[in-house]
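A.B. asks: below is the structure, and that's it, no one-letter string:
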């Protein structure tokens with residue numbers, strides 16, 4: 001199979017070959033066939049949540065569980081590399097919890113620096129509560145009692161995985 005993958009319609013970016021692949025293969029494969037081991041990647045970036053290569057890809061598309069739609073999805077080598085094992089925490093250190101949950105910008109007018117990652121459950125709760133998908137793999141200020149109370153979850157020290165712009169020079 002060659003051409004555009006279904007991830008392009010959900011996430012955006014350009015379909016094509018993995019820039020690290022010397023063969024420059026462009027074959028689009030079913031998403032559920034992605035089965036690389038992510039244990040060393042999880043350990044290196046100190047995060048929990050995603051258990052296999054498919055989880056980070058689905059989280060970026062704001063799909064936090066595998067369902068019938070994910071069973072029909074396809075993915076190109078470029079999106080697979082960027083969203084599977086190719087992502088990192090990102091360079092931004094600004095807290096990414098939306099203002100209406102965190103109340104960070106009240107009073108001083110200063111937005112605090114992020115201290116730790118935001119997990120899969122946290123990003124799912126923020127999406128449910130605000131409808132906002134937080135871009136990239138971001139950090140949050142912690143602990144924020146208001147954010148924990150508002151979202152009714154425990155924000156564990158893990159990496160945030162939700163939507164991002166796939167083809168981004170800062171990625």
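C.D. replies: Received, thanks. Model, not experiment: these values are computed from the prediction.
A.B. asks: from here on, just use CA atoms for contacts and neighbour counts.
C.D. replies: Fine.
A.B. asks: show me where the chain has strands.
C.D. replies: 29-30, 74-75, 116-117, 139-140 (DSSP state E).
A.B. asks: weakest of these by average pLDDT?
C.D. replies: Among the strands of the chain, strand 139-140 carries the lowest mean pLDDT, at a mean of 40.
A.B. asks: tally of neighbours for residue 129?
C.D. replies: The number of residues packed near residue 129 is 13, by other C-alpha atoms under 10 Å.
A.B. asks: so where's the protein uncertain?
C.D. replies: Within the chain, the stretches with pLDDT under 70 are 1-4, 45-49, 86-119, 131-171.
A.B. asks: at 50 what do you get?
C.D. replies: Across the chain, the ranges flagged by pLDDT under 50 are 1, 135-171.
A.B. asks: and the gap between residue 18 and residue 125?
C.D. replies: From residue 18 across to residue 125, the span is 32 Å (C-alpha to C-alpha, to the nearest Å).
A.B. asks: can you pull out the helices in this structure?
C.D. replies: Under the criterion DSSP state H, the chain contains helices at 6-11, 39-45, 54-60, 68-71, 77-80, 99-102, 120-130, 145-151.
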